[in-house]
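[1] For reference, the sequence and a predicted model appear below.
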Amino acid sequence: MPKNFDLIKLIDNVEIMGEKMEKKVEQTYEIIEVCLLAGKIMLQSGAETYRVEDTMVRIAAAFGLGKTHSYVTPTVIIFSAEGMEPTKTKLMRISERSTDLKKIAMVNSISRSISSGEINLKEAMEQLNEMNSMDVSFPFMIQVAAAALASGCFMIMFSGGWNDFVPAVISGGMGYLSFVYFHRFVSVKFFSEFLASFVIGLLAFLFVKIGVGQQLDKIIIGSVMPLVPGLLVTNAIRDLMAGHLVAGLSKGAEAFLTAFAIGAGIAVVVSFA
Amino acid sequence: MDLLAQLMTSFIATGAFGILFNAPKETLIKCGLIGMGGWLIYYVLAAYSDNAVLATLAATIFIAVLSQQLAKFYKTPVIIFSVAGIIPLVPGGLAYDAMRNFVENDYNTAIALAAKVFMLAGTIAFGLVFSEVINQIIRKITDFKREKLNS
């Protein structure tokens, strides 16, 4: 029965083709996975929107995915890849963001070595996964000391007097410390910023009251500098200028909320003083 | 003497912000130096011209151009060098002042201060974008020349 025989052959061929296709589809998914992981780490570390999009498209191109689209906002990454098979799209939700320049630099160097073909897909995935779970930040006490020192120095830079230096250092350090600790208990960033600036205001007020500090305003302005969303404001306007309208507006909203929290925390102290 | 104190404190403050932003250890000193240079330009210009916008623009362009050159040299993202240097220029103190006036119900002063904050933040962003565009134009011109030489 030649007819039946042909049919069996045909079915076999189709099955082989299907397997091949499945493998390719799986690989596309893996490539998208690597791109998304890289993008997620960068976005969580505070990289610019255009850099995140650019890095993901570059990594995909290095692995042979030419037609890709990425859409990045501060809270979500959408990445889609066109090809021979049906278009594949994945979405990743970002909930926690901070500033971690070291991780941005590390992802950048991984993306560089992918582009030059030094590491393959599997190695890239391993390296990114390892980095995602790694904590590369400075020891906590050094961060607090840096915040305290920066507060004192900013107080001088905003033309304060040297005899307010120590009060600014103490209230700035305590403010940052309480911000981090409150943030561990309360996941609402707005509230921990409010409490931290309340602590700063209270300490500065007490210093002036007992006569250690002189200018209340200068001490407060210097001490809130580690909390102030200066970077966010600048990044928001920059994103708007570069055409990332949604990202720019949402970063601006976040910056406004933070500034409002800080202002409100200080205002509670000032209005009762 | 005053200038010396400003230089010292701006160096320490930007370096400390590098630690808060978790910059790689070996870049901390460079971050501090960039911030110091930017603040020096801002401080001198703001004192002599009494125009904070102009001073901020000049300081931002200085920081951005220097960061781009350093980033190219060390093959790292520009943001690592520019972020900490920009921080002293950011009108954080003004933003705080505006917010404080808002919550104290002095809306007229608050709106005026907020407009100033917006102008200064816009100036910083403009300076960053401006120097990036200049950098791109220079790169395109050199690429174009190279192509012409090769053909």
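    Ah, there it is. This is a predicted model, so every value here is computed, not measured. Numbers count the residues shown, from 1 in each chain, chains lettered A, B, ... in the order given.
[2] what packs against the lengthiest helix in chain B?
    Assignment by DSSP state H gives helix B:107-150 as the longest helix of chain B. Counting contacts by 3 or more C-beta pairs under 8 Å, 6 or more residues apart in numbering or on different chains; DSSP states H and E, helix B:107-150 is packed against helix A:230-241, helix B:52-74, helix B:79-86, helix B:92-103. Every residue, glycine included, has its C-beta placed from N, CA and C.
[3] Could you single out the most deeply buried of those?
    helix B:79-86 (a mean of 28; mean count of other C-beta atoms under 10 Å in any protein chain shown).
[4] so where's the chain uncertain?
    As the question left the chain open, I've gone with chain A. A:1-26, A:84, A:273 (pLDDT under 70).
[5] Distance-wise, check residue A:76 relative to chain B.
    Using C-beta to the nearest C-beta, to the nearest Å, one gets 21 Å for the distance from residue A:76 to chain B.
[6] So that residue is in contact with residue A:93, correct?
    Yes - Residue A:76 is within contact range of residue A:93, at 5.8 Å (criterion: C-beta atoms under 8 Å).
[7] Of the two, which one has the most company?
    For residue A:76 versus residue A:93, neighbours defined as other C-beta atoms under 10 Å in any protein chain shown are more numerous around residue A:76 (14 against 8).
[8] Give the closest residue to the closest residue to chain A within chain B in space, chain neighbours not counted.
    Nearest to chain A in chain B, going by C-beta to the nearest C-beta, is residue B:99, at a distance of 2.5 Å. Using C-beta to C-beta, 6 or more residues apart in numbering or on different chains and skipping residues adjacent in sequence, the residue nearest residue B:99 is residue A:263, 2.5 Å away.
[9] That neighbour touches residue B:93, doesn't it?
    No - counting by C-beta under 8 Å, residue A:263 does not reach residue B:93; the two are 11.9 Å apart.
[10] distance between the longest helix of chain B and the chain's centre?
    11 Å (C-alpha atoms, centre = their mean, to the nearest Å).
[11] same deal with stretch A:201-209?
    Taking mean C-alpha positions (C-alpha atoms, centre = their mean), stretch A:201-209 and its chain are 34 Å apart.
[12] pull the CA atoms of it into CSV?
    Below are the C-alpha coordinates for stretch A:201-209, written out as CSV (Å, rounded to 0.1, in the frame of the first residue of the first chain):
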residue,chain,number,x,y,z
GLY,A,201,13.1,68.1,61.9
LEU,A,202,12.8,67.1,65.6
LEU,A,203,16.5,66.6,66.1
ALA,A,204,17.4,69.9,64.4
PHE,A,205,14.8,71.7,66.5
LEU,A,206,16.2,70.2,69.7
PHE,A,207,19.8,71.2,68.7
VAL,A,208,18.7,74.8,68.2
LYS,A,209,16.6,74.8,71.3
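[13] so does that stretch get close to chain B?
    No - using C-beta under 8 Å from any C-beta of the partner chain, stretch A:201-209 stays clear of chain B, with a minimum separation of 9.9 Å.
[14] Need the contact partners of that stretch.
    Contact partners of stretch A:201-209, identified using C-beta atoms under 8 Å, 6 or more residues apart in numbering or on different chains, comprise A:167-168, A:170-171, A:174-175, A:213-216, A:219-220, A:223, A:265-266, A:268-270, A:273.
[15] just the angle between the longest helix of chain B and helix B:92-103, please?
    With axes from the mean of the first three to the mean of the last three C-alpha atoms, to 10 degrees as the basis, helix B:107-150 and helix B:92-103 are set at 150 degrees to each other.
[16] any idea of the mean pLDDT for helix B:107-150?
    Averaged over helix B:107-150, pLDDT sits at 86.
[17] tell me, what residue is most central in the chain?
    If you meant another chain, say so; for now it's chain A. residue A:44 (2.6 Å; C-alpha atoms, centre = their mean).
[18] ah, I was thinking of chain B
    Taking C-alpha atoms, centre = their mean, chain B has its central residue at residue B:86, 3.1 Å away.
[19] so which of the helices and strands packed on helix B:107-150 gets nearest residue A:82?
    helix A:230-241 (25.9 Å; C-beta to C-beta).
[20] So which residues make contact with that closest one?
    A:46, A:48-50, A:99, A:245, A:247-249, A:251-252, A:254-255, A:258, B:83, B:86-87, B:90-92, B:95, B:117, B:121-122, B:124-126, B:128-129.
[21] Now residue A:72. Its backbone dihedrals?
    phi -120, psi 130 (degrees, to the nearest 10).
[22] Taking the stretch 101-250 of chain A, what residue is nearest to chain B?
    residue A:230 (3.1 Å).
[23] Quick one: residues contacting the nearest residue to that residue once chain neighbours are set aside.
    Sequence neighbours aside, residue B:90 is the residue nearest to residue A:230 in space, at 3.1 Å (criterion: C-beta to C-beta, 6+ apart). The contact partners of residue B:90, taken as C-beta under 8 Å, 6+ apart, are A:228, A:230-231, A:233-234, B:120-121, B:124.
[24] Residue A:126: neighbour count?
    Neighbour number of residue A:126 under other C-beta under 10 Å is 11.
[25] what's the helix or strand hosting it packed up against?
    Residue A:126 is part of helix A:121-133 when elements are defined by DSSP states H and E. When contacts are defined as 3+ C-beta pairs under 8 Å, 6+ apart, helix A:121-133 packs onto helix A:2-44, helix A:101-115.
[26] So which bits of the last one are buried?
    Looking back up the chat, that one is helix A:101-115. A:101-108, A:110-111, A:114 (16 or more other C-beta atoms under 10 Å in any protein chain shown).
[27] List, out of those, those positioned next to chain B.
    Within those, those near chain B by C-beta under 8 Å from any C-beta are A:101-105, A:108.
[28] Can I get those in JSON lines including distance to residue B:137?
    Listed next are these as JSON lines, based on distance: C-beta to C-beta, whole Å:
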{"residue": "A:101", "distance to residue B:137": "27"}
{"residue": "A:102", "distance to residue B:137": "31"}
{"residue": "A:103", "distance to residue B:137": "31"}
{"residue": "A:104", "distance to residue B:137": "26"}
{"residue": "A:105", "distance to residue B:137": "26"}
{"residue": "A:108", "distance to residue B:137": "24"}
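[29] what's the closest of those to residue A:146?
    Closest to residue A:146, out of all of these and judged by C-beta to C-beta, is residue A:101, at 13.7 Å.
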